[in-house]
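Can you look at this prediction? I've put the sequence above it.
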Amino acid sequence: MKIAEKVYEEGILKLKENAPQIIVSLVVAALIWLFGVLVFIPLADMLGNPYLFGLTALKPIISIIIGLALLFIFLRIAKDFGELMDGIADIIAAIIAGERITDEKLKKYRRGFRGLAYLIVVIIAYIFALPILAGIAPVIAGIVLILIVIWAVIVLINLGNIFHAEIEEGVRLAIKKLEESYKKAKEEEKQQ
């Protein structure tokens, strides 16, 4: 079996193993979020009204509980999503690099796609957690957003560095094909 075929099959296997777990975890996270944001946090807010029942710290406590549950689920998703992205990286490496694939290139693809995967998971988790963080303290939501933006910029710069050589190689191959097609067109024009 050729190395590209082996890497491709390993990538498909990783997709089959991790995609169902991610979907189940996302459904659970969505249900926790829906019940937390639409039922429990509004109830805690209502009960925290000083003129009604006076349980002033209830909304932040409920928000922390919901937030911790979502954090636990998103950490599990991040692990599975990283493995899924390794599979996607294997498939892309097998398609793009073909028989030129090496362990070094495969590691670069995996590292790059894993970084992108974690960035996606963190952004989705933040969107989920925003109403919960705001329920704890709005300032926390802003600080977390600033930290995510700084980290995202670092990850994206690293992605550019990781795929720099592959992008250059792809551009060189595309230019070479363009030059060849131009020369071929010129030769055909001369023959006519």
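Thanks, I have it.

Can you list the buried residues in the longest helix seen in the chain?
For the chain, the longest helix by residue count, based on DSSP state H, is helix 58-96. For helix 58-96, a neighbour-count test (16 or more other Cβ atoms under 10 Å) marks 58-60, 62-63, 65-67, 69-70, 73-74, 76-78, 80-94 as buried. C-beta: built from backbone N, CA, C; applies to glycine.

And for stretch 167-178?
By 16+ other Cβ under 10 Å, stretch 167-178 has no buried positions at all.

do the same with stretch 114-126
For stretch 114-126, burial by neighbour count (16+ other Cβ under 10 Å) applies to 114-119, 121-122, 125-126.

which two in the residues you listed are spaced the farthest apart?
Spatial extent of those (Cβ to Cβ) is set by the pair Arg114 and Tyr126 at 18.7 Å.

quick one: low-confidence ranges for this protein?
For the chain, the stretches with pLDDT under 70 are 1, 49-56, 97-99.

wait, isn't Ile92 in contact with Arg110?
No - with contact defined as Cβ atoms under 8 Å, Ile92 does not count as touching Arg110 (10.1 Å).

about what we covered before: other SSEs contacting the longest helix of the chain?
Counting contacts by 3 or more Cβ pairs under 8 Å, 6 or more residues apart in numbering; DSSP states H and E, helix 58-96 packs against helix 3-35, helix 41-47, helix 103-136.

ok and it relative to helix 103-136, angle-wise?
Here helix 58-96 runs at an angle of 160 degrees relative to helix 103-136 (axes from the mean of the first three to the mean of the last three Cα atoms, to 10 degrees).

Taking helix 3-35 as reference, get the angle to helix 58-96.
Using the same axes, to 10 degrees: helix 58-96 against helix 3-35 is 160 degrees.

Could you check how far helix 58-96 is from the centre of its chain?
Averaged C-alpha coordinates place helix 58-96 at 8 Å from its chain's average position (Cα atoms, centre = their mean, to the nearest Å).

now swap in stretch 31-49 and tell me
Here stretch 31-49 is found 28 Å from its chain centre; the criterion is Cα atoms, centre = their mean.
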